[in-house]
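Enquirer: structure for this input, please:
(chains A and B)
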Protein chains: 2
Amino acid sequence: MDTQLRLDDRTPIRRGLAMNNKTGTIGVFDSGVGGLTVFHRIAERLPGAAIIYLGDTARVPYGTKSAETVVRYARGCAGILLDRGISALVVACNTASAYALDTLRQEIAVPVLGVIEPGAQRAVQATRNGKVGVIGTAGTIHSGAYQKTIRELAPAIRVFAKPCPFFVPLVEEGWTDGDVPRRVVRTYLEELLDENIDTLVLGCTHYPLLKPVISEVAGADVALVDSAEATAHALVDLLHHESWERGTASKPCHRFLVTDAPENFARVSRRFLGYDVTDVEWVDF
Amino acid sequence: MDTQLRLDDRTPIRRGLAMNNKTGTIGVFDSGVGGLTVFHRIAERLPGAAIIYLGDTARVPYGTKSAETVVRYARGCAGILLDRGISALVVACNTASAYALDTLRQEIAVPVLGVIEPGAQRAVQATRNGKVGVIGTAGTIHSGAYQKTIRELAPAIRVFAKPCPFFVPLVEEGWTDGDVPRRVVRTYLEELLDENIDTLVLGCTHYPLLKPVISEVAGADVALVDSAEATAHALVDLLHHESWERGTASKPCHRFLVTDAPENFARVSRRFLGYDVTDVEWVDF
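Expert: Sure thing, here's the model as predicted:
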């Protein structure tokens, strides 16, 4: 642990203070449990890797909060993971990626990957008619980060974006099937589908759990882009590029940190991972 | 301002460190905007009073978080208001009232009123058949605070409690009318109505904004108890009992503090107050 990098959320993370060794530990953080969809994909892609997941469950959600507050929280999360000696950081939260990625990249010395660039890239590859829909939290959509990134990659593509603030409560409630979710999804997607989009970016880590309903409402002609999958793929590329050496442990080493009660996290993690997480550690910044 | 009472959320609020003067300023805090329903009722009841409202919008919601975290946040909020010289504290958040009221009462020297006792009392007065329903956040319901308080007041009353985690997002989205809210409300209330309750406590400050739909689903025979109204009434009694002198300013002095971006608060406050709040101040603990 590099205590020089210890920080509270009011202290800037000083760039290059210490380059963490290439220990092969990947840090992943999210506002809460949603980022486990990203964690899960990374663990699949890098089965031998050591991964520390941090869920900022005491401050969740980020999606309804201001840019300043989200940046402050993202720096707090990054600081905790840097203290644990990570050698690569994945910002699994779309809202934090939208608001805080530039700040984090400027301030910390390990490679930082967000979920927006990989998702945007995948969408550009997927669309055939050049009409892409993006759904996410109010923060993610209003930041314009997906819209900007897609336009930079392919200026001819038209992007239709829509905040869907109700999707997170649906998923957290486990209400992902039946009449209410179907109506909520239909209400939000209506105007995007009216624009004849052929690709839809699920721009929030919770949304993959609503995939069956979203897919049913959107129809088979609309390709769904899951940022979690795209991010795991982009991480493998990034680590290869950085000549990053991953451990060859026969059993993967996964650790879970949270800022609110560990037992709540353990309870809901099954929905995201398909197995129970035990040994969750409480931390704070 | 009493700087002796300045504290961060890790420092205990020391009891009786300084008794704030009876300046006539009432402090009200909530996890976010919902407590404005309580603020509104207090302002109606005490038209000349100085009131400081604090919304912990950077950490909202409390209803999904653990008791330990909510107590920590409640102490942070109380500390900020004590620093401003309040002479009475209203905990407008049901979850914070459920988890933190005892701690706050032990630790601070000004009278503290929560929303649960007034709501419970009103429910006991209202029921004719002795069957009372209580709805609230997961935190409020799982704490058992309403159930316990009602049973202490009237042991013969049967209490049926149900967490309705979806109601807060509905209200915050302004989605308080139409088919989706009606279905959500029906889904949650079904089992309470099957128990033949004749009184329903709206145990969350957001819920009064869903009153028309809740009333329609519950039917005219079920009395709805609004804790906001009951709390304002109880506050007047408490202040009378404490020989509290309120100012006689011709224009009421209302101040609004928030921990997240002030402009967001100003925007949504109209839904709760019917007018625009200007001059919102950012604070943190």
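
Enquirer: just the helices in chain A please.
Expert: Counting by DSSP state H, the segments of chain A that form helices are A:36-45, A:67-83, A:94-107, A:116-126, A:138-143, A:145-153, A:167-172, A:179-194, A:211-218, A:227-241, A:262-273.

Enquirer: what ranges in chain A fall below the confidence cut-off?
Expert: For chain A, applying pLDDT under 70 flags the ranges A:1-23, A:243-252.

Enquirer: nearest residue to the middle of it?
Expert: Closest to where the C-alpha atoms of chain A average out (Cα atoms, centre = their mean) is A:Ala92, at 2.3 Å.

Enquirer: which ones are touching that one?
Expert: Shown in contact with A:Ala92 (Cβ atoms under 8 Å, 6 or more residues apart in numbering or on different chains): A:Val28, A:Phe29, A:Asp30, A:Gly34, A:Gly35, A:Thr37, A:Val38, A:Phe39, A:Val115, A:Thr205, A:Ala228, A:Thr231. Yep, even glycine has a C-beta here, placed from its N, CA and C like the rest.

Enquirer: hmm, A:Val38 and the third one touching each other?
Expert: What that stands for is A:Asp30. Yes - here A:Asp30 reaches A:Val38: they are 7.3 Å apart, a contact under Cβ atoms under 8 Å.

Enquirer: picking that back up, turn the helices of chain A into CSV, including distance to A:Thr57 and mean neighbour count.
Expert: Converted to CSV, these look like this (distance: least, Cβ to Cβ, whole Å; neighbours: other Cβ atoms under 10 Å in any protein chain shown):
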stretch, distance to A:Thr57, mean neighbour count
helix A:36-45, 12, 22
helix A:67-83, 11, 23
helix A:94-107, 14, 23
helix A:116-126, 22, 22
helix A:138-143, 17, 22
helix A:145-153, 24, 19
helix A:167-172, 11, 24
helix A:179-194, 23, 17
helix A:211-218, 23, 18
helix A:227-241, 19, 20
helix A:262-273, 6, 18
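
Enquirer: how close does A:Phe160 sit to chain B?
Expert: Using Cβ to the nearest Cβ, to the nearest Å, A:Phe160 is found at 20 Å from chain B.

Enquirer: for A:Ala98, what are its contacts?
Expert: A:Gly114, A:Ile116, A:Gly139, A:Thr140, A:Ser143, A:Ala145, A:Tyr146 are the contacts of A:Ala98 under Cβ under 8 Å, 6+ apart.

Enquirer: if we go to 6 Å?
Expert: Neighbouring residues of A:Ala98 by Cβ atoms under 6 Å, 6 or more residues apart in numbering or on different chains: A:Thr140, A:Ser143, A:Ala145.

Enquirer: got JSON lines for the residues you listed, with distance to chain B too?
Expert: Below are the contacts of A:Ala98 laid out as JSON lines (distance: Cβ to the nearest Cβ, whole Å):
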{"residue": "A:Thr140", "distance to chain B": "15"}
{"residue": "A:Ser143", "distance to chain B": "13"}
{"residue": "A:Ala145", "distance to chain B": "18"}
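
Enquirer: from those, pick the one nearest A:Asp102.
Expert: Using Cβ to Cβ, A:Ala145 comes nearest to A:Asp102 of the contacts of A:Ala98, at 10.0 Å.

Enquirer: separation between A:Ala43 and A:Leu273?
Expert: 9 Å (Cβ to Cβ, to the nearest Å).

Enquirer: pull the number of nearby residues for the residue of the stretch 51-200 of chain A found nearest chain B.
Expert: Chain B sits closest to A:Ser66 of the stretch 51-200 of chain A, with a gap of 3.4 Å, by Cβ to the nearest Cβ. When neighbours are counted by other Cβ atoms under 10 Å in any protein chain shown, A:Ser66 registers 20.

Enquirer: that one against B:Val258, yeah?
Expert: No - look at A:Ser66 against B:Val258 with Cβ atoms under 6 Å: they stay out of range, at 9.9 Å.

Enquirer: quick one: name the residues of the stretch 101-250 of chain A near chain B.
Expert: Residues of the stretch 101-250 of chain A that fall close to chain B, judged by Cβ under 6 Å from any Cβ of the partner chain: A:Pro165, A:Phe166, A:Pro169, A:Glu173, A:Val180, A:Arg183.

Enquirer: and the gap between the fourth one and A:Ala230?
Expert: Right, the one you point to is A:Glu173. 26 Å.

Enquirer: not counting residues beside it along the chain, what's closest to the residue of the stretch 151-285 of chain A found nearest chain B?
Expert: For the stretch 151-285 of chain A and chain B, the shortest gap (Cβ to the nearest Cβ) falls at A:Ala261, measuring 3.4 Å. Spatial nearest neighbour of A:Ala261, excluding adjacent residues (Cβ to Cβ, 6 or more residues apart in numbering or on different chains): B:Ser66 at 3.4 Å.

Enquirer: do you know how far A:Thr137 is from A:Gly203?
Expert: 8 Å.

Enquirer: oops, could you answer that again for A:Arg151 instead?
Expert: 15 Å.

Enquirer: so the residue of the stretch 151-285 of chain A closest to chain B touches B:Lys65, yeah?
Expert: No - at 7.6 Å, A:Ala261 and B:Lys65 do not qualify as touching, with contact defined as Cβ under 6 Å.

Enquirer: so for those two, which residue has more residues nearby?
Expert: Taking other Cβ under 10 Å, A:Ala261 and B:Lys65 do not tie; B:Lys65 has more neighbours (27 against 18).

Enquirer: before we move on, back to that, what would the helices of chain A look like in a markdown table with distance to A:Pro61?
Expert: Output for those, formatted as a markdown table (distance: least, Cβ to Cβ, whole Å):
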| stretch | distance to A:Pro61 |
| --- | --- |
| helix A:36-45 | 15 |
| helix A:67-83 | 10 |
| helix A:94-107 | 8 |
| helix A:116-126 | 17 |
| helix A:138-143 | 9 |
| helix A:145-153 | 17 |
| helix A:167-172 | 6 |
| helix A:179-194 | 17 |
| helix A:211-218 | 19 |
| helix A:227-241 | 17 |
| helix A:262-273 | 14 |
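
Enquirer: B:Val222 is nearest to which of those helices?
Expert: With Cβ to Cβ as the criterion, B:Val222 lies closest to helix A:179-194 of the helices of chain A, at 22.2 Å.

Enquirer: next one: the closest one to chain centre, how far?
Expert: Relative to its parent chain, helix A:179-194 has a centroid offset of 23 Å by Cα atoms, centre = their mean, to the nearest Å.

Enquirer: quick one, what contacts the closest residue to A:Ala230 other than its chain neighbours?
Expert: Among residues not flanking A:Ala230 along the chain, A:Pro118 sits closest, at 3.7 Å (Cβ to Cβ, 6+ apart). The contact partners of A:Pro118, taken as Cβ under 6 Å, 6+ apart, are A:Ala230, A:Thr231, A:Ala234.

Enquirer: for A:Gly219, grab the count of nearby residues.
Expert: If we define neighbours as other Cβ under 10 Å, then A:Gly219 has 9 of them.

Enquirer: try A:Pro47
Expert: Neighbours around A:Pro47, by other Cβ under 10 Å: 12.

Enquirer: any idea how far it is from chain B?
Expert: When distance is defined by Cβ to the nearest Cβ, A:Pro47 is 33 Å away from chain B.

Enquirer: straight-line length of stretch A:216-225, end to end?
Expert: Length of stretch A:216-225, first residue to last, Cα to Cα, to the nearest Å: 15 Å.

Enquirer: and it, how far from the chain's centre?
Expert: 21 Å.

Enquirer: same deal with stretch A:41-51?
Expert: 15 Å.

Enquirer: endpoint to endpoint, that stretch covers what distance?
Expert: In stretch A:41-51, first residue to last residue: 12 Å (Cα to Cα).

Enquirer: what's the end-to-end length of stretch A:159-170?
Expert: End-to-end distance (Cα to Cα), stretch A:159-170: 25 Å.

Enquirer: burial check on A:Trp282, number of neighbours?
Expert: That count, for A:Trp282 with other Cβ under 10 Å as the rule, works out to 17.

Enquirer: against A:Val225, how distant is it?
Expert: As judged by Cβ to Cβ, A:Trp282 and A:Val225 stand 34 Å apart.

Enquirer: before I go, just wanted to say thanks for your time.
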